[in-house]
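Novice: Coordinates only, no sequence provided:
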């Protein structure tokens, strides 16, 4: 008996993105199936849950991160998904149908559903011995209300109501035929069998087999799959000498001054030291490790690119920036009039609320390198939460 699993990774996660779009969340830039939980991506957890029960895994999705997320797990080559979930499942089915030996049974699983107990998968497969389709589900325990205009309209009887989960299992030839012939949208594959009059077994699911849909789901899944996020702090320090004929760019803002700063990139000393603080908090070296000054690719580069990368690294690690504090050390120019614009620019690049960013300045009382107005120094402290 050949058993295949279609692992869906083509969704855009609109509800998750909408819910996490507030700048303070810092989550919106990374598709949810590629977020980290306990050091592994969400979709990798899902694939690892399936692989001990199936012969083949067919990923569906065209994001470049998909292959990286599944590296080391034996899968078929990914196929591109479609606009709707039904289109993506059909793409996976057609890829399996084109194999020299198509499967007998197929599981369809959401890549954003990482915690699948083994007994749930076994329950589904065992039910396929006697029925053409089976889905895991959990009985509805809460009282249900139907609302209208913000008010309770009526109470809905919860008897015989179930919350459907995945992986859903089917006899492969039947599901393929129904996908090829059915017209109109469906919310899951079991609905195709229901519409065609085929029985679908309900088997016991698991309360923790949740789909990552909203940012608060991350907290629950982290408890199941990962460790408690811990605060980590990094320190950054940088100096740049003044140089005539260059613009002065500090913390992403161009400041009127008679000289700019010397450097391989745009020499934004504020952003450079903040990047070092973030990389330090993540234990990932310094800015030179990620953007070597010997590489001409970064010649005269806008340092905003570096800070965007540092913020991405936080999110890819499943972390969150708690706060960052940048101190610019110089006699001139005066930083105070520009500090708020600098805070807003840094917050925008890091995709966090401006209240998490501090920019301030001090002098060295006319002492040393900065006191002689030979250049500008900067320090930064960044604190992140990382699993």
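Specialist: Everything's here; your move. This is a predicted model, so every value here is computed, not measured. Numbering: from 1, shown residues only.

Novice: residue contacts, the residue nearest to residue 101 when sequence neighbours are not counted?
Specialist: Leaving out its chain neighbours, the residue that sits closest to residue 101 by C-beta to C-beta, 6 or more residues apart in numbering is residue 2, at 6.6 Å. C-betas here are computed from N, CA, C, even on glycine. Shown in contact with residue 2 (C-beta atoms under 8 Å, 6 or more residues apart in numbering): 55-56, 101-105.

Novice: One more: residue 80?
Specialist: Counting by C-beta under 8 Å, 6+ apart, residue 80 touches 10, 60-62, 91.

Novice: out of those residues, which one sits closest to residue 70?
Specialist: Distance to residue 70, by C-beta to C-beta, is smallest for residue 61 among the contacts of residue 80, at 10.0 Å.

Novice: ok, how many other residues are close to the closest residue to that closest one other than its chain neighbours?
Specialist: Counting by C-beta to C-beta, 6+ apart, residue 61 lies nearest to residue 9, which is 3.4 Å off, once chain neighbours are set aside. For residue 9, the neighbour count with other C-beta atoms under 10 Å is 27.

Novice: distance of residue 9 from residue 91?
Specialist: Here residue 9 is placed at a distance of 12 Å from residue 91 (C-beta to C-beta, to the nearest Å).

Novice: most residues in a single strand of the chain, which one?
Specialist: For the chain, the longest strand by residue count, based on DSSP state E, is strand 230-243.

Novice: one step back: the residue nearest to residue 61 reaches residue 75, doesn't it?
Specialist: No - using C-beta atoms under 8 Å, residue 9 is not in contact with residue 75, being 10.9 Å away.

Novice: what do the two both touch?
Specialist: Common neighbours of residue 9 and residue 75, counting by C-beta under 8 Å, 6+ apart, are residue 59.

Novice: and residue 152, helix, strand or coil?
Specialist: Three-state assignment for residue 152 (DSSP: H, G, I helix; E, B strand; the rest coil): strand.

Novice: and it, bridged to which residues?
Specialist: Beta-bridge pairing of residue 152, defined through DSSP bridges, involves residue 147.

Novice: my guess is it contacts residue 144, does it?
Specialist: No - taking C-beta under 8 Å as the definition, residue 152 is not a contact partner of residue 144, at 10.6 Å.

Novice: And the strands in the stretch 201-350 of the chain, which stretches?
Specialist: For the stretch 201-350 of the chain, the strands defined by DSSP state E, counting those that start in this stretch occupy 230-243, 248-250, 253-255, 260-261, 320-329.

Novice: Just the helices from this structure, written as ranges.
Specialist: Along the chain, the segments classed as helices by DSSP state H run 14-19, 42-51, 65-69, 85-97, 118-127, 172-181, 190-195, 215-225, 269-281, 287-290, 304-316, 339-350, 368-371.

Novice: Of the ones you listed, which is nearest residue 156?
Specialist: Using C-beta to C-beta, the nearest of those to residue 156 is helix 190-195, at 19.7 Å.

Novice: what's the distance between residue 224 and residue 117?
Specialist: 10 Å.

Novice: Residue 302 now?
Specialist: From residue 302 across to residue 117, the span is 48 Å (C-beta to C-beta).

Novice: So residue 189 is in contact with residue 106, correct?
Specialist: No - Residue 189 is beyond contact range of residue 106, at 9.1 Å (criterion: C-beta under 8 Å).

Novice: between the two, what contacts are shared?
Specialist: Residues touching both residue 189 and residue 106 (C-beta under 8 Å, 6+ apart) are 170, 175.

Novice: neighbour count winner among the two?
Specialist: With neighbours defined as other C-beta under 10 Å, residue 189 and residue 106 compare such that residue 106 has more, 30 against 26.

Novice: Buried residues, stretch 177-197. List them.
Specialist: In terms of neighbour count (16 or more other C-beta atoms under 10 Å), stretch 177-197 has its buried residues at 178-179, 186, 188-193.

Novice: give me every residue that touches residue 254.
Specialist: Residue 254 is in contact with 247-248, counting by C-beta under 8 Å, 6+ apart.

Novice: Where does pLDDT dip in the stretch 151-300 of the chain?
Specialist: In the prediction, the stretch 151-300 of the chain carries residues with pLDDT under 70 at positions 226-228.

Novice: again, only using 80
Specialist: Regions of the stretch 151-300 of the chain meeting the criterion pLDDT under 80 cover residues 219, 222-223, 225-229.

Novice: if we can go back for a sec, format the helices of the chain as CSV; extra columns: distance to residue 252.
Specialist: Formatted as CSV, the helices of the chain follow (distance: least, C-beta to C-beta, whole Å):
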stretch, distance to residue 252
helix 14-19, 25
helix 42-51, 32
helix 65-69, 27
helix 85-97, 39
helix 118-127, 49
helix 172-181, 50
helix 190-195, 50
helix 215-225, 27
helix 269-281, 6
helix 287-290, 15
helix 304-316, 6
helix 339-350, 4
helix 368-371, 21
